[in-house]
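A.B. asks: model the structure of this input:
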Amino acid sequence: MAEKSRTAPANADQLNEGDRSAKNAIRVPDTVATSGSLERLVETARDYAEQATAENTNKAYLADWKHFASWCRRRGAAQFKPDPLLIGLYITELAAPQDASPALAVSTIERRLSGLAWNYQQRGQVLDRKDRHIATVLAGIKRAHAKPPMQKEPIAPDDLLQMVGTLSFSLRDLRDRAILLIGYAGGFRRSEIVALDVHRDDTIDGKGWIEIEDEGAIVILQTKTGWKEIAIGRGSSDASCPVHALEQWLHYAKIDHGPVFRRVLRDNSKVQDERLSDKHVARLIKKTMLDAGIRTDVPEKDRLALFSGHSLRAGLASYAEADERHVQKQLGHASAEMTRRYQRRRDRFRVNLTKAAGL
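C.D. replies: Numbers count the residues shown, from 1 in each chain. I've put the predicted structure just below:
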């Protein structure tokens, strides 16, 4: 039977059943008598387990599981057993829906599989993605539907200055100016920007802090592979200096502890304690890009799709006139090949093999 909606909600008890199952996988062993002390350790262990992956990844994996569980229930199938046959059918429908729903991109289907594998792992089970019922179907989907990856446009330095130039000197715009310049100079992801604190150990959810010095700022940041230091030098003028912009924001916002980038009341009268969402960074880039009149050669709808939070990171990689190894270090890439994926405007014809071959 064709499903009526690929996102049709189930009741709350059904949706939460799998979440409780994964969470309860961490518990006091049956062979040990429980106690208040052990129960507190269990809760702490569960908190640590949630921090094993990034918050956005956790949300995505949870959404993947809920979608798969809903799909299974509508077909009378059991979702708690990692059945390759069933999952092969599931990804088939994602690629070729039986109803009028749009097909998912190959990259999204692969992400769904990763989400299912992670959820099964939390339940002490293993999803064998190499099983032929999954691997061969996925290979066929890739062969039939795979497209080159859509990369976001990098922001050029001149474009960034025009975007910053659209901002006033209100509290909100002081904050947004610092976000754009710090994000660009540091080559940060949007989640990394908003996760910064003023000092070390200011907050539990912080992922790094900033140390301002005479020559620039040092950002100590927690990454997937550990801690790293990113040096952000001062710019050639106050208008383009990320460190100056940061100092101005912290000074006028009167922030000396806790999250660096926070919400501001609509009337710009007060800075709140709440940390800013990383979604704000993407919205900020799109808004200032439109206000600055960047890429007016394409329709507005298409312009909005060209830029995202990653455009800051890609901009530094593409336009920094520095040795590639310095860019690689700033972005925290393990390989130069990964860095080159971000360098949208690199000179691909610097080595001309055609002429080198005598043609």
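A.B. asks: number of residues surrounding the closest residue to Gln125 other than its chain neighbours?
C.D. replies: Closest residue in space to Gln125, ignoring its immediate chain neighbours: Pro82 at 5.3 Å, by C-beta to C-beta, 6 or more residues apart in numbering. In this view, the C-beta of every residue, glycine as well, is placed from N, C-alpha and C. For Pro82, the count of nearby residues is 20 (other C-beta atoms under 10 Å).
A.B. asks: with the one 4 residues further on instead?
C.D. replies: By the criterion of other C-beta under 10 Å, Leu86 has 18 neighbours.
A.B. asks: so who does it touch?
C.D. replies: Shown in contact with Leu86 (C-beta atoms under 8 Å, 6 or more residues apart in numbering): Cys72, Ala77.
A.B. asks: now stretch 219-228: buried residues?
C.D. replies: Using 16 or more other C-beta atoms under 10 Å as the test for burial, stretch 219-228 gives Val219, Ile220, Leu221.
A.B. asks: which one of those residues sits closest to Asn268?
C.D. replies: Among these, Val219 lies closest to Asn268 (C-beta to C-beta), at 26.6 Å.
A.B. asks: report all helices and strands that the helix or strand harbouring that closest one contacts.
C.D. replies: For Val219, the host element (DSSP states H and E) is strand 216-223. Judged by 3 or more C-beta pairs under 8 Å, 6 or more residues apart in numbering; DSSP states H and E, strand 216-223 is in contact with strand 208-212, strand 226-233, helix 242-253.
A.B. asks: the second one - which strands sit beside it in the sheet, and in what orientation?
C.D. replies: This means strand 226-233. strand 216-223 (antiparallel) (DSSP bridges).
A.B. asks: roughly how far out does the strand it pairs with sit from the chain middle?
C.D. replies: Put simply, strand 216-223 sits 18 Å off its chain's centre (C-alpha atoms, centre = their mean, to the nearest Å).
A.B. asks: just the angle for it relative to helix 242-253, thanks.
C.D. replies: Computed with axes from the mean of the first three to the mean of the last three C-alpha atoms, to 10 degrees, the direction of strand 216-223 lies at 90 degrees from that of helix 242-253.
A.B. asks: any stretches of the stretch 51-200 of the chain with poor pLDDT?
C.D. replies: Residue ranges of the stretch 51-200 of the chain with pLDDT under 70: 149-151.
A.B. asks: in it, which spans are strands?
C.D. replies: Counting by DSSP state E, counting those that start in this stretch, the segments of the stretch 51-200 of the chain that form strands are 196-197.
A.B. asks: now the helices for it?
C.D. replies: Along the stretch 51-200 of the chain, counting by DSSP state H, counting those that start in this stretch, helices occupy 55-73, 84-95, 106-122, 132-145, 157-165, 171-186, 190-194.
A.B. asks: deepest-packed of those helices, please.
C.D. replies: helix 171-186 (a mean of 24; mean count of other C-beta atoms under 10 Å).
A.B. asks: show me the contact partners of that helix.
C.D. replies: Here helix 171-186 has contacts from 155, 160, 163-164, 167, 188, 190, 192-193, 219, 230, 232-233, 235, 240-242, 245-246, 248-249, 252-253, 261-262, 264, 268, 271, 276, 280-281, 284-285, 288, 309, 312-313, 315-316, 330, using C-beta under 8 Å, 6+ apart.
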